[in-house]
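Visitor: Kindly return the folded structure for what I paste below:
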Amino acid sequence: MQTRVKPLPVLMTLGGLLLSPLCRADASKDDVEYLSKSAQGLMSELKLGAMAQKRASDERVRAFGQQMVADHGKDLQKLKACQPTTRQAARIDGPRPAEGSGQARQAVRKDFDKEYVRYEVEDHRDDIREQKEALDKKLDPALKQFAKDELATVTGHKQKIDALEAALR
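Guide: Numbering: from 1, shown residues only. I've put the predicted structure just below:
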């Protein structure tokens, strides 16, 4: 039996993640940047995964969406647990995941499965590159471990989404 992560409670954790009352001034700019970018990426995956569960016509695409919600919901909780505390983090108010233009939304509705899979192939390719880059930075040890774990997660997702893309052709 799989546990479903409910997107709304997980999304609400972002406020706690970025507005922690525990503040230190010694967290690096790289820590704060990585924390913010990772949180936003995970939030986007949660939203798109939930959308895939509702809109996809192919059961395999719905299952992949469910896996994104489950895995990245857990990842967001882990990120919250290992956050460096910093005064800078309390000031982060980065852009929210884009809703997209009216044309983009219409294109996704026309062929949601293929568009979602294509997006996830590209996104996970970029995520792998970004996690490898993060490992080369001088991050807080907890964030560095998170990046290492996240690299393993997104590499596994990339293999699954590549196979799914090939199957949908």
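
Visitor: For stretch 48-64, which outside residues touch it?
Guide: For stretch 48-64, contacts defined as CB atoms under 8 Å, 6 or more residues apart in numbering pick out 7, 65-69, 72, 109, 112-113, 116-117, 119-120, 160-161, 164, 167-168. C-beta: built from backbone N, CA, C; applies to glycine.

Visitor: In helices only, show me those.
Guide: Of the contacts of stretch 48-64, the ones assigned to helices by DSSP state H are 7, 65-69, 72, 109, 112-113, 116-117, 119-120, 160-161, 164, 167-168.

Visitor: Identify the residues contacting stretch 113-122?
Guide: Contacts of stretch 113-122 (CB under 8 Å, 6+ apart): 48, 51-52, 56-58, 61, 64-65, 68, 107-108, 157-158, 161-162, 164-165, 168.

Visitor: try stretch 137-151
Guide: The contact list for stretch 137-151 (CB under 8 Å, 6+ apart) reads 27-28, 30-31, 34-35, 38, 75, 78-79, 81-84, 127-128, 131-132, 134-135.

Visitor: where does the residue lying closest to Ala167 once chain neighbours are set aside land in three-state SS?
Guide: Nearest residue to Ala167 in three dimensions, chain neighbours excluded: Arg60, at 6.9 Å (CB to CB, 6 or more residues apart in numbering). For Arg60, the secondary-structure state derived from DSSP: H, G, I helix; E, B strand; the rest coil is helix.

Visitor: do Lys137 as well
Guide: Per three-state DSSP, Lys137 ends up coil.

Visitor: Give me the phi and psi for it.
Guide: For Lys137, the backbone dihedrals (degrees, to the nearest 10) come out as phi -90, psi 160.

Visitor: State the number of residues packed around it.
Guide: 15 (other CB atoms under 10 Å).

Visitor: Pull up the gap between it and Glu33, please.
Guide: Going from Lys137 to Glu33 by CB to CB, to the nearest Å gives 9 Å.

Visitor: about what we covered before: please pick the buried ones from the ones in helices among the contacts of stretch 48-64.
Guide: Burial by neighbour count, judged by 16 or more other CB atoms under 10 Å, picks out 7, 65-69, 72, 112-113, 116-117, 120, 161, 164 from the ones in helices among the contacts of stretch 48-64.

Visitor: pLDDT and distance to Leu151 for those residues - can I get that in JSON lines?
Guide: Formatted as JSON lines, those follow (pLDDT from 0 to 100; distance: CB to CB, whole Å):
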{"residue": "Pro7", "pLDDT": "45", "distance to Leu151": "24"}
{"residue": "Gly65", "pLDDT": "95", "distance to Leu151": "21"}
{"residue": "Gln66", "pLDDT": "96", "distance to Leu151": "22"}
{"residue": "Gln67", "pLDDT": "96", "distance to Leu151": "17"}
{"residue": "Met68", "pLDDT": "95", "distance to Leu151": "16"}
{"residue": "Val69", "pLDDT": "96", "distance to Leu151": "20"}
{"residue": "His72", "pLDDT": "94", "distance to Leu151": "14"}
{"residue": "Phe112", "pLDDT": "89", "distance to Leu151": "28"}
{"residue": "Asp113", "pLDDT": "90", "distance to Leu151": "27"}
{"residue": "Tyr116", "pLDDT": "93", "distance to Leu151": "23"}
{"residue": "Val117", "pLDDT": "94", "distance to Leu151": "21"}
{"residue": "Glu120", "pLDDT": "94", "distance to Leu151": "16"}
{"residue": "Ile161", "pLDDT": "96", "distance to Leu151": "16"}
{"residue": "Leu164", "pLDDT": "95", "distance to Leu151": "20"}
